[in-house]
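Undergrad: Here's my sequence, what's the structure:
(one chain, ligands or ions: 1)
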Amino acid sequence: MKIKVAKFGGTSLADAIQIAKVKKIIMADPARRYIVPSAPGKSAIYDVKVTDLLYGLENAIEKGDDYLPFYRQIYSRFIDIKQQLGLETNIESELEKILRDLLNGEGVDYAASRGEYLNGMLIADYLGYTFIDAAEVILFDKRGKYDEKATERVLSDRLSHLEHAVIPGFYGSMPNGSIKTFSRGGSDVTGAIVSAAVRADLYENWTDVSGFYMADPRIVKHAKKVESVTYRELRELSYMGAAVLHEDSIFPVYKYAIPINVRNTNEPETPGTMIIPTIENYDGPPVTGIAGKKNFTIISIEKNGMNSELGFGRKVLACIEKYGIPFEHMPSSIDTLCVVLEDAKVKDNINDIVDDIHRTCEPDSVEIVRNLALIATVGKRMRESIGTAAALFTALAKANINIRMIDQGSSEMNIIVGVKNEDFERTMNAIHDAFAL
Ligand code: ASP
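TA: Just a heads-up that it's a prediction; the model follows:
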């Protein structure tokens, strides 16, 4: 029998009505054996995520502020779910214990993780599945780094004895037993880890959108839905700002080539988007997605004979590294080299950096362009299809958009253009419309 791991996000589990929908989805397919829940998120009734309330509670306790408003809200969210679903779990005593632990000095990760922990208990009760505390099976090392080997061993063994289980997302534990969370949105990562541990046939990621769009629908209103995207394409797109899954959720499933299916809890009949290892025999359009971000700085350095000067690039990068700034891209030509940096990381250091470059690299000129937006057009098939770049640049020329920088990533599956911040939205729309066939 096939095995599916189903992870449900916060909006999918925000209240009893949503959880009832989720039960229907799970029961509709016997392959959905391992369930990874988030904490209750926002819904029509609630405008705040339980995780945020838990961070607030811990913060108030730590500062000596009045913490009761946070505690009461958290309490009532879980009691409402319990009562409306007619459950037996003694969630009241769990909640009281959490408050006691926090008053006794338990830290912020412990606090934040309790939303998943409590929701997991209630959902396990409602489904009639075994509840596994993630602290027992998702393991971090003593420096707080996720311990892949130890986790796979313990988790695979534990789940091999269970037909069904609920494993709360977002957290695990360190060797000393203390709770450690992944970064925000980390239940996606837990879902991927559980999928790898049971060698799932499919990792279903249930959320509140019907999959992945060719461009952010908040920017491109009529953005086209993407049927499938490869792991690598998704990574390139996430890096450039596309938010679908937590970035780290690809690594655990990558190893075993487990596909991920992003689906909508509120529209379970739509197939969503498949995130797959590779595309074979694919004859669709060359571009899969477009993503971008504003606020970059380009340092453009010109020097005659740069190409034959040994160590030039290294010297330039050393000037930037000195200020603790990582570089994003580095397109170059025979006598010029551009370094693209994030504005937020450059802060006020730009003049000092330029001075350093003048001093150590003796260039002919250094030009700075600030307030740039970068837009990546990503597609695995781009490498083999003729005319993609031409179509892209024609679309931008037609929209009267001036391109300040072009970089074709060495993976040959993306073309990055830099435009003025104020042209960002128009650029996204123009590229989308050129390729959304
Ligand atoms: N509840 C956590 C958060 O809000 C983790 C998650 O939902 O994935 O970030």
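
Undergrad: Now do the closest residue to the ligand within the stretch 151-300 of the chain, the pLDDT please.
TA: Among the residues of the stretch 151-300 of the chain, Ser187 lies nearest to the ligand; the distance is 3.2 Å by Cβ to the nearest ligand atom. Where C-beta positions appear, they are placed from N, C-alpha and C, glycine not excepted. If you check Ser187, the pLDDT there is 98.

Undergrad: could we number from 58 for the rest of this?
TA: With the count now opening at 58, the last piece we talked about shows up as Ser244.

Undergrad: Could you double-check that it lies in contact with Pro97?
TA: No: counting by Cβ atoms under 8 Å, Ser244 stays clear of Pro97, with 12.0 Å between them.

Undergrad: if I pick the residue of the stretch 208-357 of the chain closest to the ligand, what's in contact with it?
TA: Residues near Ser244 by Cβ atoms under 8 Å, 6 or more residues apart in numbering: 64, 66, 93-95, 173, 225-227, 303.

Undergrad: May I ask you to confirm that Asn176 belongs to a helix?
TA: Yes: per DSSP: H, G, I helix; E, B strand; the rest coil, Asn176 lies within a helix segment.

Undergrad: contacting residues for it?
TA: For Asn176, the contacting residues are 70, 94-97, 107, 135, 138, 225, by Cβ under 8 Å, 6+ apart.

Undergrad: quick one: Ile276 from His489, how far?
TA: For Ile276, the distance to His489 equals 9 Å [Cβ to Cβ, to the nearest Å].

Undergrad: quick revisit: can you narrow the contacts of Asn176 to ones near the ligand?
TA: Of the residues in these, proximity to the ligand by Cβ under 6 Å from any ligand atom holds for 95-96.

Undergrad: hang on, the earlier thing: just want to know which of Ile276 and His489 has more residues nearby.
TA: Neighbour totals were compared for Ile276 and His489, and His489 leads with 23 against 19 (other Cβ atoms under 10 Å).

Undergrad: Could you check which helix or strand contains Asp409?
TA: Asp409 belongs to helix 407-418 when assigned by DSSP states H and E.

Undergrad: For that helix, give me every contacting residue.
TA: 354, 356, 358, 360, 369, 372-373, 375-377, 379-380, 382, 403, 420, 423, 425, 427.

Undergrad: Buried ones among those residues?
TA: 354, 356, 358, 360, 369, 373, 376-377, 382, 403, 420, 423 (16 or more other Cβ atoms under 10 Å).

Undergrad: How confident was the prediction at Gly341?
TA: Note for Gly341: predicted pLDDT of 69.

Undergrad: Who are the contact partners of the closest residue to Ile92 other than its chain neighbours?
TA: Excluding the flanking residues, the one nearest Ile92 by Cβ to Cβ, 6 or more residues apart in numbering is Val223, at 4.8 Å. Residues in contact with Val223 (Cβ under 8 Å, 6+ apart) are 91-94, 177, 180-181, 184, 186-189.

Undergrad: Buried subset of those residues as a ChimeraX selection?
TA: Here is the ChimeraX selection string for the buried members of the contacts of Val223, based on 16+ other Cβ under 10 Å:
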select :91,92,93,94,177,180,181,184,186,188,189
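
Undergrad: Am I right that Leu59 is in contact with Val255?
TA: You called it Leu, but residue 59 is Lys. No: in this structure, Lys59 is not within contact of Val255 by Cβ under 8 Å, at 11.0 Å.

Undergrad: Take the contacts of Ser244 and keep only those in helices.
TA: Cross-referencing the contacts of Ser244 against helices under DSSP state H gives Glu173.

Undergrad: export the contacts of Ser244 to JSON lines and tack on distance to Ile76?
TA: Converted to JSON lines, the contacts of Ser244 look like this (distance: Cβ to Cβ, whole Å):
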{"residue": "Lys64", "distance to Ile76": "14"}
{"residue": "Gly66", "distance to Ile76": "12"}
{"residue": "Val93", "distance to Ile76": "14"}
{"residue": "Pro94", "distance to Ile76": "9"}
{"residue": "Ser95", "distance to Ile76": "12"}
{"residue": "Glu173", "distance to Ile76": "14"}
{"residue": "Pro225", "distance to Ile76": "14"}
{"residue": "Gly226", "distance to Ile76": "15"}
{"residue": "Phe227", "distance to Ile76": "17"}
{"residue": "His303", "distance to Ile76": "22"}
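
Undergrad: can the contacts of Ser244 go into JSON lines with extra columns for pLDDT?
TA: Output for those, formatted as JSON lines (pLDDT from 0 to 100):
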{"residue": "Lys64", "pLDDT": "98"}
{"residue": "Gly66", "pLDDT": "97"}
{"residue": "Val93", "pLDDT": "98"}
{"residue": "Pro94", "pLDDT": "98"}
{"residue": "Ser95", "pLDDT": "98"}
{"residue": "Glu173", "pLDDT": "98"}
{"residue": "Pro225", "pLDDT": "98"}
{"residue": "Gly226", "pLDDT": "98"}
{"residue": "Phe227", "pLDDT": "98"}
{"residue": "His303", "pLDDT": "88"}
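
Undergrad: Just the contacts of Ser244: which are in strands?
TA: 64, 93-94 (DSSP state E).
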